[in-house]
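# Mind folding the following:
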Amino acid sequence: MTKTIICRKLGREAEAMERAPYPGEIGQRILAEISAEAWQEWVAHQTMLINENRLSMADASARKFLLTEMENFLFKGGAEKPEGYTPEK
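The predicted model follows:
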């Protein structure tokens, strides 16, 4: 049987993740409070941020930016779209 949680991001019951998707304390918080569906939404948003802002994961400031955006997206109600971003039609 699939484990479910009340997802903080979605505001409803949803399927839980099997393991922490991120290391450390923040990873454990995500595992406890964020559903697999909401995590996939973050992954898509993160990909857009990386591509639109041309971020390099070798750059410590880019990793710090993404960590801040991840916390905003998952726990604080949203994250900003890159300046000038227009979704594909």
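# From here on, just use CA atoms for contacts and neighbour counts.
Will do.
# quick one, helices of the chain?
With DSSP state H applied, the chain shows helices at 24-33, 36-52, 60-75, listed in chain order.
# Where does pLDDT dip in this protein?
1, 80, 82, 84-89 (pLDDT under 70).
# Could you save the helices of the chain as CSV and add columns showing mean neighbour count and distance to T4?
Below are those laid out as CSV (neighbours: other Cα atoms under 10 Å; distance: least, Cα to Cα, whole Å):
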stretch, mean neighbour count, distance to T4
helix 24-33, 16, 10
helix 36-52, 16, 10
helix 60-75, 15, 17
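# Distance to M17 for the ones you listed - can I get that in JSON lines?
Compiled in JSON lines, these are given as follows (distance: least, Cα to Cα, whole Å):
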{"stretch": "helix 24-33", "distance to M17": "6"}
{"stretch": "helix 36-52", "distance to M17": "5"}
{"stretch": "helix 60-75", "distance to M17": "14"}
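# so which of these comes closest to E83?
Proximity to E83 (Cα to Cα) singles out helix 36-52 among these, at 8.8 Å.
# and that closest one, what other elements does it pack with?
Where contact means 3 or more Cα pairs under 8 Å, 6 or more residues apart in numbering; DSSP states H and E, helix 36-52 is packed against strand 12-15, helix 60-75.
# So for the shortest one, what gets flagged as buried?
In terms of neighbour count (16 or more other Cα atoms under 10 Å), strand 12-15 has its buried residues at 14-15.
# can I get the CA coordinates of that strand in CSV?
Provided in CSV are the C-alpha atoms of strand 12-15 (Å, rounded to 0.1, in the frame of the first residue of the first chain):
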residue,chain,number,x,y,z
ARG,A,12,-4.2,18.0,0.5
GLU,A,13,-3.5,14.3,1.0
ALA,A,14,-1.1,12.9,-1.6
GLU,A,15,1.4,10.1,-2.2
